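Peer 1: Build me a model from this:
(4 chains)
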Number of protein chains: 2
Amino acid sequence: MSAAHANGTAENRRRPPDRRDRILDAAERMARRGGYHGFSFREVAAAVGVKSASVHHHFPTKEDLATELAARYTERFIAGLGAPDAPGAVDRLVAAYRAALRQDDQMCLCGLFGAEIDALPIGVGDAVRGFFRATLDWAARALGGTGTQARAETLVAGLEGALLTARSLRDADLYDRVAERLVRAVE
Amino acid sequence: MSAAHANGTAENRRRPPDRRDRILDAAERMARRGGYHGFSFREVAAAVGVKSASVHHHFPTKEDLATELAARYTERFIAGLGAPDAPGAVDRLVAAYRAALRQDDQMCLCGLFGAEIDALPIGVGDAVRGFFRATLDWAARALGGTGTQARAETLVAGLEGALLTARSLRDADLYDRVAERLVRAVE
DNA sequence: GTCTATAATTTGATAGAC
DNA sequence: GTCTATCAAATTATAGAC
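Peer 2: I've put the predicted structure just below:
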């Protein structure tokens, strides 16, 4: 891989985001509001300051764009959680969903895509399942002990639902109340 | 109100669904798959066997249609739960979301709309909040005791998230595992 | 890599005949 | 209440110049 294409490798981190990344940033913001059918090439292009044909150059189809959106979201989400066997792991998972609510003021991308799962192109659905598998796996390691699968499922599903419900009712505190009880329930 | 327009009153229940109801039925099925931006007047009309202009006659705008969709969904959902102070109320709530998963094979309409809440017309968003308030109120009555608000929030949000996650992973049993633990957590 | 231009289709919505 | 016809705008996507 040449240096020109190696954004993300050791020598090329922290560069200003290139056009492709800015397209993904804009598309993610819109998809986390209105879902897969809630954003368009033209809207994304306008937000970045280019034409829709340029977006198609980087992502030929909407399935390509949305699939990469979900894959990048998953990578960042899992990476942002840190090590599942380090102290305070469960609290970090709660904080990650809490940041979506209070800092981003947005839904979890894959939570929203998951709600539309049967209306998504195949590749996007697969990427969404990848998010849930990765997050459940991380949570199971973070919890440890016995019955980790069902306990991880309760925590992750509960946090997704708490985020969704808190946003619907515009009551951010609801998330904290639910999260506290979920954590105690899976301890 | 004349009898001809009194569908739903004591004397006129159980009539074959009229066109307006069939439009709502088709629209609900589509909205529970793809959300607000995942269905169109033409698709709904085709499913019912009429033209899109006829759908507009019953529901002038998409906001009108989706608002009534959410309101009817809420009425039916709450009515289907029965009395919150009768025995087995919590299990009936769990069964209601379970039926969406296993019988309808669909998302909760207001759960999906809730995930898109910031991208919805005002009236639809208000109706979605009405669903969550009504369901949380019912759950709080069903649970009784102390701390009913937070316990009801944990149960309802948890069941919404369990439905969403089980559908995403195509693992219906996940819902049962999560629901069992949620019920114990809020007992 | 971005642009102009455009194709082909779909969208929400309206006018007016029957 | 339903239809035909239509509109203006938006949609995904492609061709080809620069």
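Peer 1: residue nearest the centroid of chain A?
Peer 2: A:Y73 (4.0 Å; Cα atoms, centre = their mean).
Peer 1: That one contacts A:G111, doesn't it?
Peer 2: No - using Cβ atoms under 8 Å, A:Y73 is not in contact with A:G111; the gap is 10.2 Å. Just so you know, the C-beta spots here come from the backbone N, C-alpha and C atoms, and that holds for glycine as well.
Peer 1: Show the contacting residues for A:A27.
Peer 2: Under the criterion of Cβ atoms under 8 Å, 6 or more residues apart in numbering or on different chains, the neighbours of A:A27 are A:39, A:44, A:65-66, A:69.
Peer 1: What strand or helix carries it?
Peer 2: helix A:19-34 (DSSP states H and E).
Peer 1: For that helix, what does the pLDDT average out to?
Peer 2: Across helix A:19-34, the average pLDDT comes to 97.
Peer 1: got the CA positions of that helix in PDB?
Peer 2: Written as PDB, here are the backbone C-alpha positions of helix A:19-34 (Å, rounded to 0.1, in the frame of the first residue of the first chain):
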ATOM      1  CA  ARG A  19     -12.800  14.200   0.800                       C
ATOM      2  CA  ARG A  20     -13.800  10.600   1.100                       C
ATOM      3  CA  ASP A  21     -13.800  10.900   4.900                       C
ATOM      4  CA  ARG A  22     -15.800  14.100   4.800                       C
ATOM      5  CA  ILE A  23     -18.400  12.400   2.600                       C
ATOM      6  CA  LEU A  24     -18.700   9.700   5.200                       C
ATOM      7  CA  ASP A  25     -18.900  12.200   8.000                       C
ATOM      8  CA  ALA A  26     -21.800  14.100   6.300                       C
ATOM      9  CA  ALA A  27     -23.600  10.900   5.300                       C
ATOM     10  CA  GLU A  28     -23.300   9.500   8.800                       C
ATOM     11  CA  ARG A  29     -24.800  12.600  10.300                       C
ATOM     12  CA  MET A  30     -27.800  12.400   8.000                       C
ATOM     13  CA  ALA A  31     -28.200   8.600   8.200                       C
ATOM     14  CA  ARG A  32     -28.300   8.900  12.000                       C
ATOM     15  CA  ARG A  33     -31.200  11.200  11.700                       C
ATOM     16  CA  GLY A  34     -33.400   9.800   9.000                       C
END
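Peer 1: close to DNA strand C, is it?
Peer 2: Yes - interface with DNA strand C: helix A:19-34 contributes A:19-20 (Cβ under 7 Å from any atom of the strand).
Peer 1: Buried residues, that helix. List them.
Peer 2: Residues of helix A:19-34 classed as buried under the neighbour-count rule (16 or more other Cβ atoms under 10 Å in any protein chain shown) are A:21-28, A:30-34.
Peer 1: any idea how far B:C108 is from the residue nearest to the centre of chain A?
Peer 2: 23 Å (Cβ to Cβ, to the nearest Å).
Peer 1: Export the buried residues of helix A:19-34 as JSON lines, with columns for distance to DNA strand D.
Peer 2: Below are the buried residues of helix A:19-34 laid out as JSON lines (distance: Cβ to the nearest atom of the strand, whole Å):
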{"residue": "A:D21", "distance to DNA strand D": "20"}
{"residue": "A:R22", "distance to DNA strand D": "18"}
{"residue": "A:I23", "distance to DNA strand D": "13"}
{"residue": "A:L24", "distance to DNA strand D": "15"}
{"residue": "A:D25", "distance to DNA strand D": "17"}
{"residue": "A:A26", "distance to DNA strand D": "13"}
{"residue": "A:A27", "distance to DNA strand D": "10"}
{"residue": "A:E28", "distance to DNA strand D": "15"}
{"residue": "A:M30", "distance to DNA strand D": "10"}
{"residue": "A:A31", "distance to DNA strand D": "11"}
{"residue": "A:R32", "distance to DNA strand D": "15"}
{"residue": "A:R33", "distance to DNA strand D": "13"}
{"residue": "A:G34", "distance to DNA strand D": "10"}
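Peer 1: And the contacts of the one helix or strand A:A99 maps to?
Peer 2: Per DSSP H and E: A:A99 is located in helix A:89-99. For helix A:89-99, the external contacting residues (Cβ under 8 Å, 6+ apart) are A:77, A:80-83, A:108, A:138-139, A:141-143, A:155-156, A:159-160, A:162-163, A:175-176, A:179, A:182-183, A:186.
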